[in-house]
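Colleague: coords please:
(chains A, B, C and D)
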4 protein chains.
Amino acid sequence: MPAKKLSDTEIAALLPKAKGWSVAHGKLHREFACKDFVTAFGNMTRVALVAEAMNHHPEWFNVWNKVVIDLNTHSVKGISDYDFVLAEKINEIFDPLPPLRLPGSATGQ
Amino acid sequence: MPAKKLSDTEIAALLPKAKGWSVAHGKLHREFACKDFVTAFGNMTRVALVAEAMNHHPEWFNVWNKVVIDLNTHSVKGISDYDFVLAEKINEIFDPLPPLRLPGSATGQ
Amino acid sequence: MPAKKLSDTEIAALLPKAKGWSVAHGKLHREFACKDFVTAFGNMTRVALVAEAMNHHPEWFNVWNKVVIDLNTHSVKGISDYDFVLAEKINEIFDPLPPLRLPGSATGQ
Amino acid sequence: MPAKKLSDTEIAALLPKAKGWSVAHGKLHREFACKDFVTAFGNMTRVALVAEAMNHHPEWFNVWNKVVIDLNTHSVKGISDYDFVLAEKINEIFDPLPPLRLPGSATGQ
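Modeller: Prediction:
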């Protein structure tokens, strides 16, 4: 399925669900600070695997524990539904869900 | 500092602190099942970075979400202190500490 | 397109084109020795990207510069066309250039 | 051994040996175009392993097959001997073979 260009209205409607992402220079943008380089590059490898499987790749910058990601879609000259899908997958990688800790349980997951 | 070969007594004393590891065929051994291949290989990449920096590499097997790791030290023909250090670092990668969730807090990390 | 189980006759016909691969324990099998761990793991990362994009993953073992790969297809309980496609892509990653053969030289690189 | 800040004269003397690198904005700078994302990210993984082992990390940007690398050393607020060592290792990863130069040909590959 080809990427579908999103209008400004559509982007504004989707953005609140894409935790941590904003629009900068016509691209979805988010910056992450990890614990160290090992964690940053391990997460980048997971994003790389997801991106290659989608055939939709990020523009990204890294130094040490910092990863800066920009997403847009060349074929539509703008932001597409693919960018929001990839942004969501990137969030799952960098912000894993905290284990559920029930009241009264001694340990986490 | 060269690796120091550990005696069976020393290994038995250290093993309880190396959560999930046992001795099999003269090597420290642990098996992990991750959520999927992306998570498994992302974790392997982090282990690879740590191992290369220590110049102490695992024997490991992967298929899909499963990672099986064996650690020993060729130079001492056995299990050394390096293997326990690497085992501990591998545990930190595969079993991250759960975020602290205080009673009454609405959200995790 | 679902994977197609190959008969022994089909496998025997395809095997000569899959340089370096043999059949062992019902799987396509090849072993690689790289220059060092960095090269081995870099190649494994490239294979991981290709495998995730195919949704067809290897069984593999690594220690230091050595990578041992076995390919088969669970869904068909045997070797499929997917395994030969992945074997060919793995060869392109690990054997990037044909050996240089200068006029009059008896052997390649 | 701590990194040693290089003077402009020392940098000018070393630069001709660092094939493809120039100085831009006070950093060693080189851009690579690989065959595809898989090759680019595989090479980045190899650089990551080398960098983590040196405890000296690049600033780098990637999109698809393109990798842009800047090297400098925070602790000396400039370019150090470490940057030239890492630049040389990066060249070995991205430019594995010397260009083929046949007798009578004006240029390499």
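Colleague: what residues does chain A put near chain D?
Modeller: Chain A has residues A:37-38, A:41, A:45, A:48, A:51-52, A:57-64 near chain D, with proximity defined as Cβ under 8 Å from any Cβ of the partner chain. To be clear about C-beta, it is placed using only N, CA and C from the backbone, and glycine gets the same treatment.
Colleague: Chain B next: which of those residues are close?
Modeller: Checking these against chain B (Cβ under 8 Å from any Cβ), the matches are A:37-38, A:41, A:45.
Colleague: by contact count, what packs against the longest helix along chain A?
Modeller: When chain A is scanned for its longest helix (criterion: DSSP state H), the result is helix A:37-54. With contacts defined as 3 or more Cβ pairs under 8 Å, 6 or more residues apart in numbering or on different chains; DSSP states H and E, helix A:37-54 has these neighbours: strand A:59-63, strand A:66-71, helix A:81-94, helix B:37-54, helix C:37-54, helix D:37-54.
Colleague: quick check: angle from that helix to helix B:37-54?
Modeller: If you take axes from the mean of the first three to the mean of the last three Cα atoms, to 10 degrees, helix A:37-54 sits at 140 degrees to helix B:37-54.
Colleague: in helix A:37-54, what's buried?
Modeller: A:37-53 (16 or more other Cβ atoms under 10 Å in any protein chain shown).
Colleague: Going by distance to chain C, which of the ones next to chain B among the residues of chain A next to chain D wins?
Modeller: Using Cβ to the nearest Cβ, residue A:45 is the member of those that sits closest to chain C, with 6.8 Å.
Colleague: Surely the closest one touches residue B:42?
Modeller: Yes - Residue A:45 is within contact range of residue B:42, at 5.1 Å (criterion: Cβ atoms under 8 Å).
Colleague: Run through the residues of chain A sitting next to chain C.
Modeller: So far as Cβ under 8 Å from any Cβ goes, chain A lies against chain C at A:45, A:48-50, A:52-53, A:55.
Colleague: rerun that using 7 Å as the cut-off
Modeller: A:45, A:48-49, A:52-53 (Cβ under 7 Å from any Cβ of the partner chain).
Colleague: Kindly reformat those residues as JSON lines and extend each row with pLDDT.
Modeller: Below are the residues of chain A next to chain C laid out as JSON lines (pLDDT from 0 to 100):
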{"residue": "A:45", "pLDDT": "98"}
{"residue": "A:48", "pLDDT": "98"}
{"residue": "A:49", "pLDDT": "98"}
{"residue": "A:52", "pLDDT": "98"}
{"residue": "A:53", "pLDDT": "98"}
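Colleague: any low-confidence regions in chain A?
Modeller: Residue ranges of chain A with pLDDT under 70: A:97-109.
Colleague: cutoff 90 now
Modeller: Counting by pLDDT under 90, chain A shows low-confidence ranges at A:1-2, A:95-109.
Colleague: Residue A:9: how many residues sit nearby?
Modeller: 8 (other Cβ atoms under 10 Å in any protein chain shown).
Colleague: Next: residue A:5.
Modeller: Neighbours around residue A:5, by other Cβ under 10 Å: 15.
Colleague: got it, and residue A:26?
Modeller: 11.
Colleague: Over to residue A:35?
Modeller: 10.
Colleague: Look up the closest residue to it, ignoring the ones flanking it.
Modeller: The shortest distance from residue A:35 to any non-neighbouring residue, by Cβ to Cβ, 6 or more residues apart in numbering or on different chains, is to residue A:65 (6.5 Å).
Colleague: now swap in residue A:31 and tell me
Modeller: In space, residue A:31 is closest to residue A:68, 4.8 Å off (Cβ to Cβ, 6+ apart).
Colleague: Could you give the bridge partners of the one you found?
Modeller: In this structure, residue A:68 bridges to residue A:31, residue A:61 when assessed by DSSP bridges.
Colleague: for the one 10 residues further on, same thing?
Modeller: Using DSSP bridges, the bridge partners assigned to residue A:78 are residue A:73.
Colleague: Quick one: residues contacting it.
Modeller: Residues in contact with residue A:78 (Cβ atoms under 7 Å, 6 or more residues apart in numbering or on different chains) are A:5, A:26, A:72.
Colleague: Check whether the last one really touches residue A:24, as I assumed.
Modeller: The one in question is residue A:72. No - between residue A:72 and residue A:24 there is no contact under Cβ atoms under 7 Å: 10.4 Å.
Colleague: higher neighbour count, those two?
Modeller: residue A:72 (20 against 11).
Colleague: ok, the closest residue to that one other than its chain neighbours - contacts?
Modeller: Spatially, and ignoring its direct neighbours in sequence, residue A:72 is nearest to residue A:27 (4.3 Å; Cβ to Cβ, 6+ apart). Residue A:27 is in contact with A:70-72, A:79, counting by Cβ under 7 Å, 6+ apart.
Colleague: Report the beta-bridge partners for residue A:27.
Modeller: Going by DSSP bridges, residue A:27 forms beta bridges with residue A:24.
Colleague: Which members of the contacts of residue A:27 are classed as buried?
Modeller: Looks like these have A:70-72, A:79 buried, using 16+ other Cβ under 10 Å.
Colleague: of those, closest to residue A:87?
Modeller: Comparing the buried ones among the contacts of residue A:27 against residue A:87 with Cβ to Cβ places residue A:71 closest, at 6.0 Å.
Colleague: what's the spacing between that closest one and residue B:84?
Modeller: 42 Å (Cβ to Cβ, to the nearest Å).
Colleague: farthest pair in the residues of chain A next to chain D?
Modeller: A:52 and A:64 (24.3 Å).
Colleague: Could you give the secondary structure assignment for residue A:96?
Modeller: coil (DSSP: H, G, I helix; E, B strand; the rest coil).
Colleague: Neighbours of it, how many?
Modeller: 15.
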